[in-house]
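Asks: Prediction below, plus the sequence it came from.
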Amino acid sequence: MKRKLLGMTPEELQNVVLDLGLPKFTAGQIAQWMYVRKVRSIDDMTNISKAGRELLKERYELGLVPYCEVVESVDGTKKYLFPVSTVRSGGLKNPDGTPVMEDSSVEAVMIPDGDRATVCVSSQSGCRMGCRFCMTGRQGFHGNLTVADILSQFVAIDEAGILTNAVFMGMGEPLDNFDNVMRVIEVLTADWGFGWSPKRVTLSTIGVIPQLKRYLEGTRCHLAVSLHNPFPEERLEMMPVQKAWNIEDVVSLLRQYDFTGQRRVSFEYTMFAGFNDSKRHADALVRMLRGLECRVNLIRFHRIPDFPYACSPAPVMEAFRDRLNRQGLTTTIRASRGEDILAACGMLAGRHGQKKL
Ligand code: SF4
């Protein structure tokens, strides 16, 4: 199997070119073509000699995965579907010793907003966290995306050249694919990579504490935490992860870091009618987050089959927001985008046969 160049650091690329007997400076040229010019194939790297490109192609491929479908909302939001081939969990091997692969698809969503264009990327096919309100969680886990799979969601979409921001908020729990996600963030923020400021990147997690600590230590990017309920026993009803990583411990960890400067932390709170939208919940949320520099995003829930709760009515959401704001917790209701194209996580890929409802 050919190795993928997309995602490699300059040091790794240097090893590649020296190994092939190509000049050392070719490594920098490849990085420039992949991360700055965002080319679609090795053949497009035209300042590398034809012989050099042929040599590269014998043992390497770019690793860029083109999207297989795109749908566009009336509000300009675009949802891309990418085919992926992931290592099947359970360590199954083919007779030749190679891992058994599984084909599926993942989504990336591009959200235009004034002069910003944000891409929301997936980090896994399916997810093993099993949140009850989530279509991706219902699909089960199909495997981690590679660095090239994740970077393809930046490079292969039509807006590759105008993207301003990224959120790891698509399918999967990014901290459960830690090494690959961290490499992608390195490519996005390194001078030799995309050269983005860390302020342009936000990772969303349900709070996998050991990796969360490493993320906070290892990057200066923003963080969004899926909270959804301030009462541990009620949160557990929706989110099995609560058993392993208690939200109170997540918040305690966050208190050890500085969010008063450039780095921001926000809490995602999906509103379920009659489940987490009472005054009691609002007041508990204020108590839980008191003293932490943060904001809360209230999210409208898009109803899914075989799930008992609907979204809280708009007046309830507004009253909840106002109660939090009155008590000093900065809270907004997130604008829904792309509703006409099923923007909720996991829905497009689900339509393509992954879901197990
Ligand atoms: Fe996984 Fe996120 Fe869905 Fe939970 S909400 S199952 S962590 S993708």
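Replies: Structure's in. What do you need?
Asks: hang on, I150 packs against I185?
Replies: No - at 9.7 Å, I150 does not count as touching I185 under the criterion of CB atoms under 8 Å. For every residue, glycine as well, the C-beta is placed using N, CA and C.
Asks: So the two - more neighbours on which side?
Replies: Higher neighbour count among I150 and I185: I150, with 34 against 24, using other CB atoms under 10 Å.
Asks: Which of the residues in the helix or strand hosting R280 are classified as buried?
Replies: In the assignment (DSSP states H and E), R280 maps to helix 279-289. Neighbour-count burial for helix 279-289, with 16 or more other CB atoms under 10 Å as criterion, is recorded at 281-282, 284-286, 288-289.
Asks: Give me the contacts around the next helix or strand along the chain from that helix.
Replies: The helix or strand immediately downstream of helix 279-289 is strand 295-300, counting by DSSP H and E. Contacts of strand 295-300 with the rest of the structure, by CB atoms under 8 Å, 6 or more residues apart in numbering, involve 224, 227, 264, 266-271, 285, 289, 311, 317, 320-321, 324, 329-334, 336.
Asks: pLDDT wise, what is L55 at?
Replies: pLDDT recorded at L55 is 96.
Asks: again, but for T332
Replies: 98.
Asks: can I assume F194 is in contact with L188?
Replies: Yes - counting by CB under 8 Å, L188 is a contact partner of F194 at 4.8 Å.
Asks: Common neighbours of those two, please.
Replies: F154.
Asks: Check the offset of stretch 285-293 from the chain's centre.
Replies: 26 Å (CA atoms, centre = their mean, to the nearest Å).
Asks: So which residues of the stretch 151-300 of the chain form strands?
Replies: Using DSSP state E, counting those that start in this stretch, the strands found in the stretch 151-300 of the chain span residues 165-168, 201-205, 222-226, 265-271, 295-300.
Asks: Tell me the gap between the second one and the middle of its chain.
Replies: So the one you mean is strand 201-205. Here the centre of strand 201-205 is set off from its chain's centre by 7 Å, with CA atoms, centre = their mean.
Asks: near the ligand at all, that strand?
Replies: No - Strand 201-205 stays clear of the ligand (CB under 6 Å from any ligand atom), getting no nearer than 7.7 Å.
Asks: That strand - contacts with which helices or strands?
Replies: strand 165-168, helix 178-189, helix 209-218, strand 222-226 (3 or more CB pairs under 8 Å, 6 or more residues apart in numbering; DSSP states H and E).
Asks: Likewise for the shortest one?
Replies: Here strand 165-168 is seen to pack against strand 116-120, strand 201-205 when contacts are counted using 3+ CB pairs under 8 Å, 6+ apart.
Asks: who does the first one pair up with?
Replies: In the sheet containing strand 116-120, its partner strands are strand 101-113 (antiparallel), strand 165-168 (parallel), by DSSP bridges.
Asks: looking at the helices and strands packed on strand 201-205, which is closest to the ligand?
Replies: The ligand sits nearest to strand 222-226 of all the helices and strands packed on strand 201-205, at 6.2 Å, using CB to the nearest ligand atom.
Asks: How about residues contacting the closest one?
Replies: Residues contacting strand 222-226 (CB under 8 Å, 6+ apart): 131, 167, 169, 198-199, 201-207, 212, 215-216, 239, 250, 254, 263-268, 270, 297.
Asks: Tell me how far L175 lies from E248.
Replies: Distance, L175 to E248, by CB to CB, to the nearest Å: 18 Å.
Asks: Now do the buried residues in stretch 203-210.
Replies: Neighbour counts using 16+ other CB under 10 Å place 203-209 of stretch 203-210 among the buried residues.
Asks: end to end, how far does that stretch reach?
Replies: End-to-end distance of stretch 203-210 (CA to CA, to the nearest Å): 15 Å.
Asks: Averaged pLDDT, it. What do you get?
Replies: According to the model, stretch 203-210 has a mean pLDDT of 97.
Asks: Could you count how many residues lie near the nearest residue to V296 once chain neighbours are set aside?
Replies: Leaving aside its chain neighbours, V296 sits nearest to T331 (4.3 Å; criterion: CB to CB, 6 or more residues apart in numbering). Residues lying near T331 (other CB under 10 Å) number 23.
Asks: surely T331 meets E318?
Replies: No - in this structure, T331 is not within contact of E318 by CB under 8 Å, at 10.4 Å.
Asks: D322: neighbour count?
Replies: 12.
Asks: Could you export the helices and strands packed on strand 201-205 to CSV, including columns for distance to R116?
Replies: Below are the helices and strands packed on strand 201-205 laid out as CSV (distance: least, CB to CB, whole Å):
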stretch, distance to R116
strand 165-168, 6
helix 178-189, 16
helix 209-218, 23
strand 222-226, 14
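Asks: What residues does the stretch 1-150 of the chain have near the ligand?
Replies: With CB under 6 Å from any ligand atom as the criterion, the stretch 1-150 of the chain comes near the ligand at residues 127, 129-131, 134, 136-137.
Asks: Helices of the chain, residue ranges please.
Replies: Secondary structure of the chain (DSSP state H): helices at 10-19, 26-31, 50-59, 135-138, 147-155, 178-189, 209-218, 232-238, 241-244, 247-254, 279-289, 314-326, 347-349.
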